[in-house]
Structure formats: C-alpha cells, structure tokens
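Curious how this folds, go ahead:
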Amino acid sequence: MLFQERWTCIVVTCPYEHWCQPLQSQLGYLPTDLLLIVPDPYDGIKTGGNTGVGSGGATLNALLVAVEHLSAREGHTTIVSNVLQNSKILIIHLGPSLLPLPMGIIPISQDSLRTNVDKVVELASMLLKKSSKSGIFVVGTDILIKGSGSCLPEMSCTLPEDTDICILTVPADKGYASRHGVCKSENNHVTNIYYQPDIETLDSLFGDDLKVWILSGLVWLSSEVGESLVGLHCMSPLDACTYMGVDSGENILQISFYYDILTSACSQVTQQDFIEGKCGKTLSRGRSASPAMMKARKLVWQSLNKYKVQELKLKEYEGSCYLPITTPLKESEFLHHIKSCQPEVKHDNNVVCEYDINTDCVALFSNGKSALNKQIKFNFFCDTITRPLTEVEHKILENCKEPVIISYKLLHIDTICYAIFSAADPLFCHYKDCAATCFGLVWPEAMEILELTADQVWRDITGKGFFR
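Below you'll find the predicted structure:
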C-alpha cells in the first residue's frame, strides 16, 4: 500500500485492551514510524457494560498518549505539548460500531484500497500533502467514504490556511441526513452541528437546497488547538476521560467529540446552551446536565471558544454513507453496503449473493443448505483462493438462520478466517436474556454446536453477549 504522505505519529483507538496486540501487528503497514494502539481508558472488559469514554474522551486520551511518546523521543521527562508544533498526527477511531469486523475492515468493491481504514488514511494524507500543515487529523471509520470512481478522486480543495478547526463534510439528501450529523455554516464558518435533525428543521436551515452537508468523520485540528486539548488532561473531571484519571480512581466521564467539544467553537452556540448540554447529540439522547458534565463543558468552553471552526465541503464524495452496526444486524447499512457493492449478483442454487472482488474481504449470503457441500471460492489479489469449510463451520451453517459469512485473508499470515453469524442476531443482549441469540439460535444451543462453555467463550469478561 502506497500512501501519499507519512505521519509523525498514528494513534489507533479501540474499545478493548485485548484488541491492541492484533491491531499492532495487522496495521503495521500504515505510513508512520510511530504507531500507537490505545484502548479506551475504561474498556468494556473492566466496566461490565460501560460504553467507555465516548469519541471526545477517546480523542483526548489518544492525543495525550501521542504527546507523551513524542516528548520522550525528544528527551523530555515530562509532557511537553509544544512538540505538536512540528508534528503531523493522525488519530483513527475504531469504535464498537464496526463489529463484527476485525480492525475496521469494510469491503470496498473494485477499489485499489483494501479497507475503509485505508481510505480514511489516504484521504487525510491527500489533504496533508496539499497543505503541508502541522496538526492533528481525527478520523472515524464508521462512514464509508465514496468517490465518483473506483478510487479516491483527487480533491479540488485544500485545508484553509488560517483554520483552527476544520470539519470535513460530504453531501447527502435530506432524508439520509436526518439520520446523521449535519453541519451548518455561513461563509464556510460553522455556526452549529445538528444531530439527526428532522426534515422540517433541515428545510428551515437549508431552504430549497436538495443536498445538505453531513459529517464525514474527518476533523482537522491545528497544533494550537491540540495544545489546548492536551492542557485539559489534568483538569477534573475531564481527567476521567484519560488513562491517568482512571488509574487515579476517577469515575469515568463519557463525552462526545462533536457535541461536547467542537460545538464550543461554533459561532451561533451560546455558552449557556453548550454548558447545559443542549447541543446536538447530548440533547437528543438525553445526556445529563449533571454537575460533572456541566463542569467539564465549562472547561472545554474556556479552552476552545477562542478558536473558530471552518467547514471543508468534499463535493467529490457524494454518496458516502455511515455503516453503523445496529441490532438486528440485517437492518444495518453495513449489510446493505456489502450487498450493493457486489458488482454482479450470482444466483447459484441457494447462494443469494457471492461477493467476488480483488480485496481481502469477501462476504457470501446463503440459506445455508445446498451451498454446504461447495468450497467457497473467491479472488484475493487476483489469485483464486479456495478453502473448504471445516466440520464445525458446516455444522454452524446447517443450523444457522439467515447466515452471513465474511471471509478475511489476514495480513502477514497465510490464513483465511470466516466470520459466521446470523443477520437476525441481536448484538447487545446478555447471553442469558430471552431475546439473545447466536447463529439465530439461543445461546445454549449455539455453544453446544461450538462445543464450548460460557466460561471458555468469555472467561472473566463481564457483559457477556455477542457484542463481547
């Protein structure tokens, strides 16, 4: 994989500590000499179901860890935030919304870039090469960035020269935008960020415009903004978003990157509305105006309100879509994407859709019966790979309801892995809940097929279920 630019440091965040070692080995090809895999300070194994520190907390913690490593490399024995002045840092958030996809692998049809991780890295690298700025790019991997062609098109735009914070957006129709985050700006200066605004609100904001601008999951922060954020790591209660605060016994604090941090610098957001949590996601999901959250937002306001947020519209990327993993899985845009990007649907007995592309990800949809005696064939780097199902995999498919098979060629390892699950499985139920299933079966039946016990599946992990 050839990327257009190298980064001083790339930080990949993930929700669980046990993801770190596999990610470190699998993502070693990314364009940097300093790759850091950073789990959320309060991962799901320890919290028994706590959802972590949120995108804002994960960003603060990732930036803190990056600055620690860069400071040490320059010989400092303490954190020196001005190392950001000459650094180009990329923070990649691999959230739980990507399950059951290892390391954020999302199949991309007819594309020279293998995964969505590759796409967001290359997109950020293209912008970095054009601007030659020091600073921080924060990117998420739960939106599939689509171009008009088979590869990422060259952009006609660059990061504004005088920008403090730049939010990158992509066009979408109002119906689609009403389910996601929408950016409103005047003269490219962001006035507010809205979370899942209804059509009536969008009409009042954008009038007769057929397209509006949704968050792309990419945000640029200047080095100065980065230093301000690093300065928050030792201030209570925001220190509870970082490993330092958690290790000191602080109660975890979950904050949103867009709605508890970035909106503080939006020109039409008032201090009172921001501090009380009346911005975007914090309001629509009933986020509390607790004393801790209000104190945290007040600190953010004092640090970031002096900056300005600009919008960069990626007009070449219309058709980009979010790929959240919802429950049941068959209602997720993720599965709709896999089916839609298959270039040629094949009807072969009971095989509904065979995903056959030059990539290391393959999906096959089947009713699990007549396809059982077949070997699954697919292309990988133009070579035909054939790997028969194992006895256990056969047994799973014989019993699985609405099965989905995703095949992975593990990088650097000559191994093909299959992820098999039911599109009807609820992902977030405890395995003892009456509605919980695995392979469309109740968990005791599924574990009998796998010849495993609950202790063998989850060991000491709390919140036992498909999601874990």
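
Please count neighbours and contacts with C-alpha atoms only from this point.
OK.

Which other helices and strands does the longest helix seen in the chain contact?
Counting residues, the longest helix in the chain under DSSP state H turns out to be helix 54-73. Counting contacts by 3 or more Cα pairs under 8 Å, 6 or more residues apart in numbering; DSSP states H and E, helix 54-73 is packed against strand 9-14, strand 35-39, strand 88-93, helix 223-230.

That helix versus strand 35-39: what angle between them?
Helix 54-73 runs at 140 degrees relative to strand 35-39, counting by axes from the mean of the first three to the mean of the last three Cα atoms, to 10 degrees.

Hey, what's the angle from helix 54-73 to strand 88-93? Just curious.
140 degrees.

quick one: contacts of helix 54-73?
Identification of contacts with helix 54-73 by Cα atoms under 8 Å, 6 or more residues apart in numbering yields 9, 11-13, 36, 38, 40-41, 77-81, 83-84, 91, 93, 138, 226, 229-230, 233, 241-243, 253-258, 260-261.

can you list the helices and strands packed on helix 54-73 in JSON lines and add mean pLDDT and mean neighbour count?
Formatted as JSON lines, the helices and strands packed on helix 54-73 follow (pLDDT from 0 to 100; neighbours: other Cα atoms under 10 Å):
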{"stretch": "strand 9-14", "mean pLDDT": "94", "mean neighbour count": "24"}
{"stretch": "strand 35-39", "mean pLDDT": "94", "mean neighbour count": "22"}
{"stretch": "strand 88-93", "mean pLDDT": "96", "mean neighbour count": "25"}
{"stretch": "helix 223-230", "mean pLDDT": "97", "mean neighbour count": "21"}
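
Redo the ones you listed as TSV? Include distance to Leu159.
Output for those, formatted as TSV (distance: least, Cα to Cα, whole Å):
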stretch	distance to Leu159
strand 9-14	20
strand 35-39	24
strand 88-93	14
helix 223-230	14
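
residue ranges with poor pLDDT in the stretch 301-450 of the chain?
319-388, 405-418 (pLDDT under 70).

Verify the contact between Tyr195 and His180 for me.
Yes - the pair Tyr195 and His180 qualifies as a contact (Cα atoms under 8 Å) at a distance of 6.0 Å.

Between the two, tell me which one has more neighbours.
Under the neighbour definition other Cα atoms under 10 Å, Tyr195 and His180 were set side by side, and Tyr195 has more, 23 against 17.

what about that one, distance to Cys183?
Computed as Cα to Cα, to the nearest Å, the Tyr195 to Cys183 distance reads 9 Å.

Equivalent analysis for Tyr176, please.
Applying Cα to Cα to Tyr176 and Cys183 gives a distance of 14 Å.

returning to that earlier point: select, out of the helices and strands packed on helix 54-73, the one closest to Lys432.
Distance to Lys432, taken as Cα to Cα, is lowest for strand 9-14 among these, at 26.3 Å.

and Tyr176 and Cys183? which has more neighbours close in?
Of the pair Tyr176 and Cys183, Cys183 is the one with more neighbours under other Cα under 10 Å, namely 21 against 16.
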